[in-house]
Every structure is written in C-alpha cells, then in structure tokens.
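Q: Dropping a prediction and its sequence here:
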Amino acid sequence: MKDTQFLLGLVGWVLFGLGVVLFPLSLFFIMRSSHRPPFFALLVINGIVGFSLSLYFDSQYIAQHIL
C-alpha cells in the first residue's frame, strides 16, 4: 500500500514537471505559430491536467503519512 502511494506521488511529480514544461512551451508556440488552436490547446490542457493530477497524488501521499 505504501509503495503504491509512493508511486502515485512519483507519478504526480512527473506530471507536474510535464505541466511546468508544456504550459509555457504551448503559450510560446501559440503566439509564434500560424497553426493555432488544436495542437497547442492540447498542450495547454495536458499541462493543466498534469498539474491537477500531481496536486491530487501528492496530497494523497502526504495525507497517508500524516494520518
């Protein structure tokens, strides 16, 4: 059980890292490229989902250790 929580926390940090990298990159591309919405909107959504999932997984991992 603890290994699963640790792995979920690790996945959360990986997704958080992807969110940090992809969100500014997608904003840069959307300002500079002539091909606008579909691909870059997907990058923005991926960044937001990665950040949200990392917060959820990390809060579950921390709550497991506190409680």
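A: Perfect, I can see it now. Numbers count the residues shown, from 1 in each chain.
Q: any idea how far Leu27 is from the residue nearest the centre of the chain?
A: The residue lying closest to the centre of the chain (Cα atoms, centre = their mean) is Gly50, at 1.8 Å. Separation of Gly50 from Leu27 (Cβ to Cβ, to the nearest Å) stands at 15 Å. The way it works is simple: take the backbone N, C-alpha and C, and place the C-beta from them, glycine included.
Q: re earlier: identify each buried residue in the helix or strand encompassing the residue nearest to the centre of the chain, please.
A: Per DSSP states H and E, Gly50 falls inside helix 37-66. By 16 or more other Cβ atoms under 10 Å, the buried positions in helix 37-66 come out as 40, 43-44, 46-47, 50-51, 53-54, 57-58, 61.
Q: low-scoring pLDDT stretches of this protein, where are they?
A: 1-2, 5, 9, 12, 35-36 (pLDDT under 70).
Q: tell me the residue furthest from the middle of it?
A: Outermost residue of the chain (Cα atoms, centre = their mean): Ser34, 26.0 Å.
Q: residues near Ser33, how many?
A: 10 (other Cβ atoms under 10 Å).
Q: Use 52 as the first number from now on
A: All set: I'll call the first residue 52, so the last point we hit is now Ser84.
Q: got the contact list for the closest residue to it other than its chain neighbours?
A: Once flanking residues are discounted, Ser84 sits nearest to Phe91: 7.1 Å by Cβ to Cβ, 6 or more residues apart in numbering. The contact partners of Phe91, taken as Cβ atoms under 8 Å, 6 or more residues apart in numbering, are 77, 80-81, 84.
Q: One more: Phe74?
A: 94-95, 98-99, 102.
Q: quick revisit: ok, now which ones touch the residue nearest to the centre of the chain?
A: By Cβ under 8 Å, 6+ apart, the neighbours of Gly101 are 66-70, 73.
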